[in-house]
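1. sequence first, predicted coordinates after that:
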Amino acid sequence: MRTLADLAAQQGLELQSYLNAAPHKKAGHPAPVSSKGARSLLYDGEQVDAYLTGRPVPPIRSEDDDQDHDDDDLLDRREAAAVLGVAPRSWTTYKHHPLLTEHMVTVGGVEHWPRGIVHRYRDSRPGRTAATGRPTGSGDQVPRDELLPRTAPLLDADPTITATDVVEQLGISCNTAQNALTRLRADRIADLIGKRPELSPDDAAAALGYPPALARRAAACAATVLRARHAAPYLDDVAAAAHRAGWTTTETVPDVQLPGDDRVVAALVLDGDQAPVPALVWDERYGWRTATSRRHPITRDAVPSSEGGGVRYLAGGITPPPSTLIAALSA
């Protein structure tokens, strides 16, 4: 697909000069393939190239000939809204469904959705639970600690699997399925980069067969996973030092989390009788702080807005030696 700016550049003109001359409006020039009334006009590249080189312009399949339609045909918001039988402005609400957001692609700055996906969404709408995979208000049918082990075989069997597919097979919410797939894909991307450091996250995702539309968030998260793995030995050393100090009953491994997929945060619960604080939290941006709760040491935004109420940041940089951290808390 090409925009008017693309057509202007192809002919060596500034966009405004091209619009003033309006060669795209001359008789014989291929018509835009955008839906009638679309604000951004798009043209078929093959048709434009044929026209400019004097070759016969290949036809575009008729929108009225349903048997020739391909599920991969891209529909803009007007065309997608027509499939649902709603006004184009209503599509702004419908397009946020996970099935549609997963498959949305931008062409020439305009959002499009595959015809087959729009049909699938349409067919799942009328009073059915297929769109969510479970009755409204019900909880996930898979325990949290079983979520990744149950989802992993599905991803291994089909690298292109979507959150909607996981919802239908496991009976969990769309958000839960999306988060599970993102983390699994991110881990696998990080694994591959560990073996082939020359690869970028996007390259690794492609090598694993993950479609770009489904792997963008996972590729970004993979970089965070790699940082978490790099920090793991240091965090383990701190946990060992805390245990030697008698602050933990076992040499527990810190609980590493990736809030928002873009930062590494770890919590170390101090359950020993002599522990100076209930827990410690490490953030890759700010270093160590104390926490007042053993059950929920990591706050929702991961970083308290200020010290106070039993929370204080510990000096010594992002990764102070374990002995320095122990000494600071023992003082």
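-> On my side now, so go ahead. Remember, it's a predicted structure, so these values are computed and weren't measured experimentally.
2. could you check the pLDDT of residue 270?
-> At residue 270, the model reports a pLDDT of 93.
3. any idea how far residue 284 is from it?
-> Note on residue 270: its distance to residue 284, by C-beta to C-beta, to the nearest Å, is 20 Å. In this view, the C-beta of every residue, glycine as well, is placed from N, C-alpha and C.
4. where exactly do the strands run in the stretch 101-250 of the chain?
-> Ranges of strands in the stretch 101-250 of the chain, per DSSP state E, counting those that start in this stretch, are 105-107, 110-114.
5. longest helix anywhere in the chain?
-> helix 212-244 (DSSP state H).
6. buried ones in stretch 319-331, by neighbour count?
-> Judged by neighbour count (16 or more other C-beta atoms under 10 Å), stretch 319-331 contains these buried residues: 319-320, 322, 325-326, 329.
7. in CSV, list the residues you listed along with distance to residue 233 and pLDDT.
-> Converted to CSV, the buried residues of stretch 319-331 look like this (distance: C-beta to C-beta, whole Å; pLDDT from 0 to 100):
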residue, distance to residue 233, pLDDT
319, 11, 93
320, 15, 93
322, 11, 93
325, 15, 92
326, 17, 92
329, 21, 89
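8. so which of these are in helices?
-> Using DSSP H, the buried residues of stretch 319-331 in helices are 322, 325-326, 329.
9. just the pLDDT for residue 109.
-> So residue 109 comes in at 75 (pLDDT).
10. how about it, nearest residue that isn't a chain neighbour?
-> Closest residue in space to residue 109, ignoring its immediate chain neighbours: residue 40 at 6.3 Å, by C-beta to C-beta, 6 or more residues apart in numbering.
11. assign a three-state SS to that neighbour, would you?
-> Of the three states, residue 40 takes coil under DSSP: H, G, I helix; E, B strand; the rest coil.
12. oh, and call the first residue 21 from now on, that's how I've got it
-> Sure, I'll start counting at 21 from here, so that last one is residue 60.
13. so how far is residue 98 from it?
-> Applying C-beta to C-beta, the value for residue 60 to residue 98 is 11 Å.
14. for residue 205, same thing?
-> 33 Å.
15. cool, and residue 75?
-> Per C-beta to C-beta, residue 75 is found 30 Å from residue 98.
16. more neighbours, the two?
-> A direct count of neighbours by other C-beta atoms under 10 Å for residue 75 and residue 98 places residue 98 higher, at 17 against 10.
17. which helix or which strand is home to the more buried one?
-> Following DSSP states H and E, one finds residue 98 within helix 97-104.
18. and that helix, what does it pack against?
-> Packing partners of helix 97-104 (3 or more C-beta pairs under 8 Å, 6 or more residues apart in numbering; DSSP states H and E): helix 111-114, helix 135-144.
19. okay, the ones you listed in JSON lines with distance to residue 279, mean neighbour count and mean pLDDT next?
-> Output for those, formatted as JSON lines (distance: least, C-beta to C-beta, whole Å; neighbours: other C-beta atoms under 10 Å; pLDDT from 0 to 100):
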{"stretch": "helix 111-114", "distance to residue 279": "29", "mean neighbour count": "15", "mean pLDDT": "78"}
{"stretch": "helix 135-144", "distance to residue 279": "30", "mean neighbour count": "18", "mean pLDDT": "84"}
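20. can you put the ones you listed in CSV and add distance to residue 217?
-> Converted to CSV, the helices and strands packed on helix 97-104 look like this (distance: least, C-beta to C-beta, whole Å):
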stretch, distance to residue 217
helix 111-114, 43
helix 135-144, 36
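21. at the geometric centre of the chain, which residue do we find?
-> Geometric centre of the chain, nearest residue: residue 237, 2.7 Å, by C-alpha atoms, centre = their mean.
22. look up how far residue 190 lies from the nearest residue to that one once chain neighbours are set aside.
-> Leaving aside its chain neighbours, residue 237 sits nearest to residue 202 (5.2 Å; criterion: C-beta to C-beta, 6+ apart). As judged by C-beta to C-beta, residue 202 and residue 190 stand 15 Å apart.
23. picking that back up, which of the buried residues of stretch 339-351 lies closest to residue 298?
-> Residue 298 lies nearest to residue 349 out of those, by C-beta to C-beta, at 12.0 Å.
24. contacting residues for the residue nearest to residue 237?
-> 237-238, 241, 281 (C-beta atoms under 8 Å, 6 or more residues apart in numbering).
25. try it again with 6 Å
-> The contact partners of residue 202, by C-beta atoms under 6 Å, 6 or more residues apart in numbering, come to 237-238, 241.
26. tell me the spacing between it and residue 183.
-> Taken as C-beta to C-beta, the span from residue 202 to residue 183 is 9 Å.
27. what's the burial count for the residue nearest to residue 291 when sequence neighbours are not counted?
-> Nearest non-adjacent residue to residue 291, counting by C-beta to C-beta, 6+ apart: residue 269, 5.4 Å away. A count of nearby residues for residue 269, using other C-beta under 10 Å, gives 13.
28. quick check, residue 269 in contact with residue 293.
-> No - applying C-beta atoms under 6 Å, one finds residue 269 not in contact with residue 293, separated by 8.8 Å.
29. name the spans of the stretch 171-320 of the chain whose pLDDT lies under the cut-off.
-> Residue ranges of the stretch 171-320 of the chain with pLDDT under 70: 320.
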